[in-house]
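Asker: Got a sequence here, can you model it:
(one chain, ligands or ions: 1)
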Amino acid sequence: MGADDQSDYGPTWYSGVTPLPASRTPLNYDLDIDVCVVGGGLAGLTVAREVARRGWSVAVVEARRVAWAASGRNSGLVMPGFSAQIEKVVERIGLPAAKALWELSEAGVQYVRDTVAEIDVAGITEGKGWLDVSRKPDADGALARIGLLGQEMGVTVEGWPTERVRDVLKTSRYFEAIYFPDAFQINPLAYALGLADAAERAGARIFENTPALAVDPAGVRKRIETPNGRVRAGHVVLAGNIHLGAVAQQLADTLIPITAFTGVTQPLGRRLTAAITFHGAVSDSRRANVHYRIVGGDRLLWTGSASGRVRNLKGMRRRLERALCATYPRFGAVEFERFWPAEMGFAVHRMPQIGEVQPGVWLASAFGGQGLNTSAMAGDLIARALVGGDDSWRLFLPFELVWAGGRAGRMAIRTTAWWLHQSEALIRLAAQWRAELRRRRQRQKAERADTTSRSADQKVRTDKKVPRIPDTSRERDRPIGAPEATPTTALALVRRAGHALREGREKLLS
Ligand SMILES: Cc1cc2nc3c(=O)[nH]c(=O)nc-3n(C[C@H](O)[C@H](O)[C@H](O)COP(=O)(O)OP(=O)(O)OC[C@H]3O[C@@H](n4cnc5c(N)ncnc54)[C@H](O)[C@@H]3O)c2cc1C
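Answerer: Below is the predicted model of the structure:
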């Protein structure tokens, strides 16, 4: 292990329990190849493995180490579905198409299961089953969900009444739950490292510490510049998540980065078994966006997010420790031995962005908080499309690329989104608000340009207000189904979001 390997993978629980390989050599020559994958997270590694397995030449260029980011730092829950609530997906594209997408997401779960078996590294699988619990009595809501998932979509789910939930999770905070018996949990870093090895065994080449500095997508052969070598490839797959940045700025601007935090407690011994006898994963994501599970025998791995501005890691750590203790008061004081942040990227519609964005340029992105199954699914879909011409990826076309607001817009959504739990209603409204902000900035820029072009001795009034009439001519700024943008303030946005949330919930339950 190199001296810096531990720090490459951060102070996570996983980096402490997983054997870390030495760095792979950076690219230091020119390469001609069928497919170049930018990004060595789970999405990029899966694409590479599947392309190589089908006999094409493929190389991954990774700016740092494979799986150093979200892919090696997440909570490890492998479950079907997407970051977007399935009810919202049905609302948008109808039941048959939503069902087809759900089946693809299940195929992603199966891909991970098969790959874990194939790479045969001990200790990757860590638990089985997933309980999605409610923090409010909501039997009707649970029944509606089970009806949709179980009956309409044929998913294997069970509804657990409050007593059964509290039998295994001894807290008065929880009520009904939906149980997914086929979900399971993994050590994501061990999985990703095993996946990288499997990709190489299949023939893929992986270059670490090799940032793609520029991608020239024009022409039949795409050119990817790295510090010490150039790749020429028939196809390029952009799998850089929120880290892609300037390499493809317009695509990067379609993502909202969100930071989540994970802590692993000290050994809790009998305190843990007295409170939790469920050995799968638990989410109360629909209300509080918390996921947890037992690791290392008697520790709790707890992931949560910030509600409001995150000032410092220490404060966030204390906040999560308090949330844990409030859920399970019988633990008494609990401290995290390990604590780390990680970032995920969401599209405005919270669905993955998968597909060919221009001839020969593919995107595998926006897996949000549910990327283990969906990145596997995306990798397989893209490889099948590239090598076999399979166009199943087109099922994702209704979830097109929507501009997510540039830096200012994304800051705004980061500070408000968690508070209202990132409902799609909020995100839609926020998108309109950001679009309006952008228009305002453009108008201001145009006005400034106009002002400076006037003669220097002319007295210029500078207190002119920006007109508050929305410019609706740029329809492409508007996400599908969103009403016309109206100017609004952050406060009005939040109020309207609350209203939209209530309306949405009522609609769902009616
Ligand atoms: C705290 C947390 C908990 C989560 N829990 C779960 C969970 O329990 N279950 C689940 O399913 N999902 C979970 N997720 C989501 C999941 O981890 C992600 O969706 C998934 O890992 C994204 O994979 P990726 O390959 O798209 O991106 P990343 O893992 O971010 O990888 C992108 C890679 O691309 C590289 N890159 C970017 N730009 C360039 C460039 N120009 N040149 C070269 N390389 C570049 C980066 O260095 C990086 O290594 C969680 C996420 C977080 C943050």
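Asker: Report the separation between the residue lying closest to Leu195 once chain neighbours are set aside and Leu320.
Answerer: Closest residue in space to Leu195, ignoring its immediate chain neighbours: Leu45 at 4.8 Å, by CB to CB, 6 or more residues apart in numbering. For every residue, glycine as well, the C-beta is placed using N, CA and C. Counting by CB to CB, to the nearest Å, the separation of Leu45 from Leu320 is 29 Å.
Asker: residue ranges with poor pLDDT in this structure?
Answerer: 1-6, 285-288, 306-311, 402-441, 451-510 (pLDDT under 70).
Asker: Mind checking what secondary structure the residue positioned nearest the centre of it has?
Answerer: Residue closest to the mean C-alpha point of the chain, counted by CA atoms, centre = their mean, is Gly368 at 1.5 Å. Assigned by DSSP: H, G, I helix; E, B strand; the rest coil, the conformation of Gly368 is coil.
Asker: From Phe261, how far out is it?
Answerer: 16 Å.
Asker: Spell out which residues of the stretch 151-300 of the chain are next to the ligand.
Answerer: Residues of the stretch 151-300 of the chain lying close to the ligand by CB under 6 Å from any ligand atom are Pro211, Ala212, Ala239, Gly240, Asn241, His243, Leu244, Val247, Ala260, Thr262, His291.
Asker: any chance of these in CSV, plus neighbour count?
Answerer: Shown next, in CSV, are those (neighbours: other CB atoms under 10 Å):
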residue, neighbour count
Pro211, 17
Ala212, 24
Ala239, 29
Gly240, 30
Asn241, 26
His243, 20
Leu244, 23
Val247, 20
Ala260, 23
Thr262, 24
His291, 26
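Asker: In helices, which of those residues fall?
Answerer: Among these, no residue falls in helices (DSSP state H).
Asker: Sitting in strands, which of those residues do you find?
Answerer: Of those, the ones assigned to strands by DSSP state E are Ala260, Thr262, His291.
Asker: Quick check, Trp102 in contact with Gly150.
Answerer: No. Applying CB atoms under 8 Å, one finds Trp102 not in contact with Gly150, separated by 11.9 Å.
Asker: who's more crowded, those two?
Answerer: Trp102 (20 against 15; other CB atoms under 10 Å).
Asker: How about the more buried one, nearest residue that isn't a chain neighbour?
Answerer: Met153 (5.7 Å).
Asker: got it, and Ala260?
Answerer: Nearest one to Ala260, counting by CB to CB, 6+ apart, is Ser305 at 4.7 Å.
Asker: from the residues of the stretch 151-300 of the chain next to the ligand, which is closest to Val387?
Answerer: Ala239 (16.6 Å; CB to CB).
Asker: Can you tell me how far that closest one is from Gly280?
Answerer: 29 Å.
Asker: Now the common contact residues for Trp102 and Gly150.
Answerer: When contacts are counted by CB atoms under 8 Å, 6 or more residues apart in numbering, Trp102 and Gly150 have no shared neighbour.
Asker: For the ligand, what's its nearest residue on the stretch 351-500 of the chain.
Answerer: Gly371 (2.0 Å; CB to the nearest ligand atom).
Asker: Quick check: that residue touching Met344?
Answerer: Yes. Shown here, Gly371 and Met344 form a contact pair, counting by CB under 8 Å, at 7.1 Å.
Asker: Those two: which has the busier surroundings?
Answerer: Using other CB under 10 Å, the more surrounded residue of Gly371 and Met344 is Gly371, with 27 against 24.
Asker: is it true that Gly150 touches Ala142?
Answerer: No. The criterion here is CB under 8 Å, and Gly150 misses it with Ala142 at 11.1 Å.
Asker: how close does the residue nearest to Arg221 when sequence neighbours are not counted get to the ligand?
Answerer: Spatially, and ignoring its direct neighbours in sequence, Arg221 is nearest to Arg232 (4.8 Å; CB to CB, 6+ apart). Using CB to the nearest ligand atom, to the nearest Å, Arg232 is found at 16 Å from the ligand.
Asker: Which strands or helices does the strand or helix carrying Arg232 pack on?
Answerer: Arg232 belongs to strand 229-238 when assigned by DSSP states H and E. Contact here means 3 or more CB pairs under 8 Å, 6 or more residues apart in numbering; DSSP states H and E; on that basis strand 229-238 packs against strand 31-38, strand 58-61, strand 222-226, strand 361-365.
Asker: Name the stretch among those strands that sits most buried.
Answerer: Mean neighbour count (mean count of other CB atoms under 10 Å) peaks for strand 58-61 among these, with a mean of 28.
Asker: Now do that strand: everything it contacts.
Answerer: By CB under 8 Å, 6+ apart, the surrounding residues in contact with strand 58-61 are 27, 31, 33-40, 44-45, 47-48, 51-52, 66, 199, 203-207, 210-212, 224, 226, 231, 233.
Asker: that older thread, which neighbours do Gly371 and Met344 share?
Answerer: If you check Gly371 and Met344 against CB under 8 Å, 6+ apart, the residues they both contact are Ala70, Asn74.
Asker: How is this structure divided into domains?
Answerer: What automatic domain parsing lists as the domains of the chain is 11-73+189-256+349-396, 123-185+257-346, 406-447+467-509.
Asker: Up against the ligand, what does the stretch 1-150 of the chain have?
Answerer: Checking the stretch 1-150 of the chain against the ligand by CB under 6 Å from any ligand atom, the hits are 38-44, 61-64, 68-71, 74-77.
Asker: For my notes, confirm Ser7 occurs in a helix.
Answerer: Yes. Ser7 forms part of a helix when assessed by three-state DSSP.
Asker: Could I get the contacting residues of the closest residue to Ala252 other than its chain neighbours?
Answerer: Among residues not flanking Ala252 along the chain, Leu244 sits closest, at 4.7 Å (CB to CB, 6+ apart). Contact partners of Leu244, counting by CB under 8 Å, 6+ apart, are Val38, Gly39, Leu238, Leu251, Ala252, Ser365.
Asker: Point out the residues in the stretch 301-450 of the chain that sit beside the ligand.
Answerer: Residues of the stretch 301-450 of the chain lying near the ligand (CB under 6 Å from any ligand atom): Thr303, Ala342, Glu343, Met344, Phe367, Gly368, Gly369, Gln370, Gly371, Leu372, Asn373, Ser375.
Asker: What subset of these is buried?
Answerer: Thr303, Ala342, Met344, Phe367, Gly368, Gly369, Gln370, Gly371, Leu372, Asn373, Ser375 (16 or more other CB atoms under 10 Å).
Asker: In TSV, list those along with distance to Ser172.
Answerer: Formatted as TSV, these follow (distance: CB to CB, whole Å):
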residue	distance to Ser172
Thr303	22
Ala342	31
Met344	31
Phe367	34
Gly368	31
Gly369	27
Gln370	28
Gly371	33
Leu372	31
Asn373	32
Ser375	37
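Asker: nearest spatial neighbour of Gly55, skipping sequence neighbours?
Answerer: Val387 (7.3 Å).
Asker: One more: Gln370?
Answerer: Of all residues not flanking Gln370 in the chain, Ser83 sits nearest, at 4.8 Å (CB to CB, 6+ apart).
Asker: what sits against that neighbour?
Answerer: So Ser83 contacts Phe346, Arg350, Met351, Phe367, Gly368, Gly369, Gln370, Thr374 (CB under 8 Å, 6+ apart).
Asker: same thing but at 10 Å, please
Answerer: 285, 344, 346-347, 349-352, 366-371, 374, 422 (CB atoms under 10 Å, 6 or more residues apart in numbering).
Asker: No further queries at this time; thank you.
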